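Student: Sequence first, then the predicted structure:
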Amino acid sequence: MFLGTHTPRLDDKNRVILPAKFREALSTGLVMTKGQDRCLVVWTHEGFADYAAQLRAGSQTNEKTRAYTRVLFASAYDETPDKQGRITIPQTLRDYAGLTRDCVVVGADTRIEIWDSSAWEAYLTGTEQSFVELDGEVVPNT
């Protein structure tokens with residue numbers, strides 16, 4: 001499980017240092033792709049394989065399923081962190097997420113999200129009240 005919020009910077013070689021507590025789970029490799037809300041999503045290989053299996057279970061005759069699957073897999077990159085826990089973020093993904101220098105790395109349960117820091121702040125500002133209101137709707141039996 002990935003938890004917490006971290007604030008690394010994108011270096012001159014377009015690498016970001018993963019938080020130390022995430023590195024062991026990602027040491028054998030990861031998959032990085034586009035996420036919702038203009039962030040990037042980082043999965044362990046196993047986590048991405050599980051997610052892909054769920055997508056395959058959906059109807060491939062459904063136009064939305066095909067469109068989502070195409071974009072997800074076309075924008076996915078395999079990466080292995082270096083010994084310092086750095087990963088290189090490809091230009092297409094940096095452009096998609098608007099990453100420049102200051103980033104936010106968010107633990108999101110089975111995955112990690114990478115955000116531009118100003119986009120993350122704007123997202124939090126816009127969703128703080130709905131977070132409180134959604135608890136009973138999103139979490140069953142609360």
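Tutor: Ah, there it is. Numbers count the residues shown, from 1 in each chain.
Student: Just want the most central residue of the chain.
Tutor: residue 41 (1.6 Å; C-alpha atoms, centre = their mean).
Student: quick check, that residue in a strand?
Tutor: Yes - assessed with DSSP: H, G, I helix; E, B strand; the rest coil, residue 41 lies in a strand.
Student: Leaving out chain neighbours, which residue sits closest to it?
Tutor: residue 35 (3.7 Å; C-beta to C-beta, 6 or more residues apart in numbering). The way it works is simple: take the backbone N, C-alpha and C, and place the C-beta from them, glycine included.
Student: hang on, the earlier thing: what's across from the residue nearest to the centre of the chain in the sheet?
Tutor: Beta bridges link residue 41 to residue 33, residue 113, judged by DSSP bridges.
Student: Which secondary structure state does residue 71 sit in?
Tutor: Put simply, residue 71 is helix when judged by three-state DSSP.
Student: Go ahead and confirm it touches residue 34.
Tutor: Yes - the pair residue 71 / residue 34 is scored as a contact, 6.6 Å apart, by C-beta atoms under 8 Å.
Student: Compare the two and say which one has the larger neighbour count.
Tutor: A count of neighbours by other C-beta atoms under 10 Å puts residue 34 above the other of residue 71 and residue 34, at 17 against 12.
Student: Per-residue pLDDT of residue 49, please?
Tutor: We have a pLDDT of 95 for residue 49.
Student: Doesn't it belong to a strand?
Tutor: No - assessed with three-state DSSP, residue 49 is helix; it does not lie in a strand.
Student: that older thread, quick check: phi and psi on the residue nearest to residue 41?
Tutor: Dihedral angles of residue 35 (phi, psi; degrees, to the nearest 10) stand at phi -120, psi 180.
Student: returning to that earlier point: hmm, residue 30 and the residue nearest to the centre of the chain touching each other?
Tutor: No - using C-beta under 8 Å as the test, residue 41 is too far from residue 30 to be in contact (10.1 Å).
Student: can you pull out the helices in the chain?
Tutor: 20-26, 45-57, 63-74, 91-97, 117-138 (DSSP state H).
Student: Figure out which of these is closest to residue 83.
Tutor: Ranking the helices of the chain by their distance to residue 83 (criterion: C-beta to C-beta) puts helix 20-26 first, at 9.7 Å.
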